[in-house]
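Novice: 3D model of this:
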Amino acid sequence: MFTAFVNCTFESDEFRASNIQSSGSEFHFSGALNCKKVDFSYSKFTAARFGSIEFNAGVISFDECEFSNTGFHHCNFRGELLTFHRAKFLGDRTEFGEVGFRTKRTHFDLARFEADKTWFGGVNFGGEVMDFSSAKFKSQKTEFIDTQFESEYTAFDSCELDNHVLFSRYPEDNSKRVFSGITSFESVDLVKNESLVFQHTDLSSVRFLNTDLASILFVDVTWARLSSFRIGLFDEQLLHFNTKTKAPAQPVHREFLNGWHDSEKQRVTIRENIQLIRRAYQQLRLNYEKANNHSQAGDFYYGEMEMTRLLLPLWRRIFFSWEALYWLTSGYGERWQKSLFSIAVVYFGFPVLFLASGLWSSLQRLPANYFQALQYNFLSMTFQKDISELFIPSMITKNLVIVESAIVPVLITLFVLALRRKFKR
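Specialist: Numbering: from 1, shown residues only. Next comes the predicted model:
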C-alpha cells in the first residue's frame, strides 16, 4: 500500500495532520507547507519519506510522533519553532539527509533514537537554539557526518549514549566546522567506553562540564587556544571571561547565559565550575596519556593544576602556596623556559642580597661590588674551599647562601624534568 502527497502546496493559517497512522504502508510527502502552524503531533509513520519539502510556518510540531524506517531528505524548515519533543525513531534506519533546520528554535529534547542506524548526513542546524537535551541515542550506530551546527547555542546536555555516536566532517574539507556556535555536552551519560567519538572536529567552542572525558574518543580534533603556548577546554575560556569581565567571550543566546550573571550565586557557581573543569582536565590528561599523545596531555595537566591553584584564596593563589611556586618557577613542570628563567633570577638576584646584607673583599679590605658578589655566588654554589681567602661574608650572607643552596637544586630538577617532557613529546 502506498500513500503519496507529491508537489503539494498548502497555504492556510493551520495545517493539522495529527494522529496520522501510516502503519503498513509507505507514506511519501513532498511539496510546500506555508502556514502559521503545522501539526503532525502524536502521529505514527512507517516507511515514510519526507522529501524536498519546504516547511514555512511559525510553529512546526512533530511532538511525540513515532517514526519507523523514516527519512527526511532535502527538506528545509523555516519559522519560529520546530519541535520533535519526545519523538521516537524506530526500525532499521532513520535518515536525515541534506536537511536544513533554519527555524529560530529547534527541539529534539527527550527524543529517542532507537533505529538500528541513525544517520544525519549533510544536515545544517541554524537558528538561535538547537536542543537535543535529554535525548536517548540507543541505535547501534548514530552518525552526524558532514553535519554543521551553526546555531548560536546547541545543547546535548544530559543525553544518554548507549552505543556508537560519531561527529565527523570530511577531512579534506577544512572550510566546514561541525560546531560553529557554542555547543554544550554537559552531564552526558556514556553507557559504554568510547561510545562518543569526535573525528576531524573543531571543539574550540564546545563545553564538556560533568561529562566523563576519559571515555570519549578524540581523533584529530582542535581544542580552544587559551594562550600562545597552551590549548585547553572552552569551559576554561568562558570561566576566565566570566571572572575578569563578567561576560562570556561572545554574545550568545540568553538561555546559555543563565547562571553566569547572577551576582548572588556567582561566586558559588564559579567555584563549582572550577572544580568540574579540574576534573575534566584530569580525565582528558588520562585519555591522552593512554593514547601516547604526551604533548597535549601536558597541556591538560597544566590546565588541571591551574584549576587547582584557582581554587585557593587570592593571596595564596598568587604566591604563598606550593601550587603558586610550582606555577611561577616551572609552569607546573611543563615550561622549561620558566625553570631556566627562575634559575637565572636566583643566580643573578642573590648577589644583590649579599651586597645588602654584608660582603667584603679580603684582598681589598673594601665592600665587594656586584661582580665580586657574583663571583662569590659562583664559588659558593660550586663549594670552593678557598672562598674564605677571597671574601668575608656576614652571618646573614652565610644564611642566604644556605637558602640559595636549597633552592637551586630544586629549580635545576624542575628544569630537567620540563626539558625531559619536552623531548618526550
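Novice: Which residue ranges of the stretch 201-350 of the chain form helices?
Specialist: 234-245, 254-257, 266-290, 294-310, 314-318, 322-330, 336-357 (DSSP state H, counting those that start in this stretch).
Novice: Residue 319 and residue 304, how far apart?
Specialist: To residue 304, residue 319 is 20 Å away according to C-beta to C-beta, to the nearest Å. (Each C-beta comes from the backbone N, C-alpha and C, glycine too.)
Novice: list the contacts for residue 215?
Specialist: Going by C-beta atoms under 8 Å, 6 or more residues apart in numbering, residue 215 touches 190, 192, 193, 194, 195, 196.
Novice: Next: residue 358.
Specialist: Residue 358 touches 393, 394, 396, 397, counting by C-beta under 8 Å, 6+ apart.
Novice: Quick one, grab the pLDDT at the third one.
Specialist: Residue 396 is assigned a pLDDT of 91 by the prediction.
Novice: how near is it to residue 94?
Specialist: Distance from residue 396 to residue 94, by C-beta to C-beta: 79 Å.
Novice: higher neighbour count, the two?
Specialist: Using other C-beta atoms under 10 Å as the criterion, residue 396 and residue 94 rank with residue 94 on top: 24 against 14.
Novice: Any figure for the gap between that one and residue 371?
Specialist: For residue 94 relative to residue 371 (C-beta to C-beta), the value is 79 Å.
Novice: Mind listing what's buried along stretch 391-410?
Specialist: For stretch 391-410, a neighbour-count test (16 or more other C-beta atoms under 10 Å) marks 391, 393, 397, 400, 401, 404, 408 as buried.
Novice: and the residues you listed, which of them are in helices?
Specialist: Counting by DSSP state H, the buried residues of stretch 391-410 place 397, 400, 401, 404, 408 in helices.
Novice: ok now do the third one, which residues does it touch?
Specialist: What that stands for is residue 401. Per C-beta under 8 Å, 6+ apart, neighbours of residue 401: 380, 393.
Novice: For burial, what's the neighbour tally of residue 210?
Specialist: Neighbourhood size, residue 210 [other C-beta under 10 Å]: 17.
Novice: didn't it look like it was pressed against residue 277?
Specialist: No. Applying C-beta atoms under 8 Å, one finds residue 210 not in contact with residue 277, separated by 10.0 Å.
Novice: where are the low-confidence patches of the stretch 1-150 of the chain?
Specialist: Residues of the stretch 1-150 of the chain meeting the criterion pLDDT under 70: 1-35.
Novice: before we move on, the earlier item: what's the closest of the ones in helices among the buried residues of stretch 391-410 to residue 118?
Specialist: Using C-beta to C-beta, residue 408 comes nearest to residue 118 of those, at 61.0 Å.
Novice: The closest one contacts residue 344, correct?
Specialist: No. Under the criterion of C-beta under 8 Å, residue 408 is not in contact with residue 344, lying 11.1 Å apart.
Novice: how many other residues sit next to residue 321?
Specialist: Residues near residue 321, counting by other C-beta under 10 Å, number 16.
Novice: Then residue 421?
Specialist: There are 18 residues near residue 421, going by other C-beta under 10 Å.
Novice: and if you look at residue 279?
Specialist: Other residues near residue 279 number 17, with proximity taken as other C-beta under 10 Å.
Novice: how much space between it and residue 213?
Specialist: From residue 279 to residue 213 the distance is 9 Å (C-beta to C-beta).
Novice: what does residue 150 give?
Specialist: In terms of C-beta to C-beta, residue 150 sits 24 Å off from residue 213.
Novice: any idea of the mean pLDDT for stretch 315-324?
Specialist: In this model, stretch 315-324 has an average pLDDT of 82.
Novice: Check which residues of it are buried.
Specialist: In stretch 315-324, the ones that count as buried by 16+ other C-beta under 10 Å are 317, 321, 323, 324.
Novice: where are the low-confidence patches of the stretch 201-350 of the chain?
Specialist: 241-268.
Novice: quick revisit: farthest pair within the contacts of residue 358?
Specialist: Top of the distance list for the contacts of residue 358 (C-beta to C-beta): 393 and 396, 8.4 Å.
Novice: what comes into contact with stretch 149-158?
Specialist: Stretch 149-158 is contacted from outside by 106, 124-135, 178-189, 252-253, 255-256, using C-beta under 8 Å, 6+ apart.
Novice: In strands, which of those fall?
Specialist: Per DSSP state E, strands hold the following members of the contacts of stretch 149-158: 106, 124, 125, 129, 130, 131, 182, 183, 184, 189.
Novice: which residues does the third one contact?
Specialist: With contacts taken as C-beta under 8 Å, 6+ apart, residue 125 has the following neighbours: 101, 106, 147, 148, 149, 150, 151, 154.
Novice: in the sheet, who's paired with it?
Specialist: Per DSSP bridges, the residues bridged to residue 125 are residue 101, residue 149.
Novice: Distance of it relative to residue 165?
Specialist: Look at residue 125 and residue 165: by C-beta to C-beta, they are 16 Å apart.
Novice: So which of the buried residues of stretch 391-410 is the closest to residue 89?
Specialist: For the buried residues of stretch 391-410, the nearest to residue 89 is residue 408 (65.6 Å; C-beta to C-beta).
Novice: Looks like residue 134 contacts residue 108 (just checking).
Specialist: No. Residue 134 lies out of contact with residue 108 (C-beta under 8 Å); the separation is 9.6 Å.
Novice: Overlap in contacts, those two.
Specialist: By C-beta under 8 Å, 6+ apart, no residue touches both residue 134 and residue 108.
Novice: if you count what's nearby, which of the two comes out ahead?
Specialist: Comparing residue 134 with residue 108 by other C-beta under 10 Å, the one with more neighbours is residue 108, at 26 against 18.
Novice: Quick one: residues contacting that one.
Specialist: Contacts of residue 108 (C-beta under 8 Å, 6+ apart): 84, 85, 87, 131, 132, 135.
Novice: Next one: the closest residue in space to residue 190 that isn't next to it in sequence from residue 391, what distance?
Specialist: Distance criterion C-beta to C-beta, 6 or more residues apart in numbering; nearest residue to residue 190, sequence neighbours excluded, is residue 215 at 4.7 Å. Remark: distance between residue 215 and residue 391 (C-beta to C-beta) = 62 Å.
Novice: got it, and residue 211?
Specialist: 61 Å.
Novice: How about residue 198?
Specialist: 63 Å.
Novice: for residue 308, same thing?
Specialist: Taken as C-beta to C-beta, the span from residue 308 to residue 391 is 43 Å.
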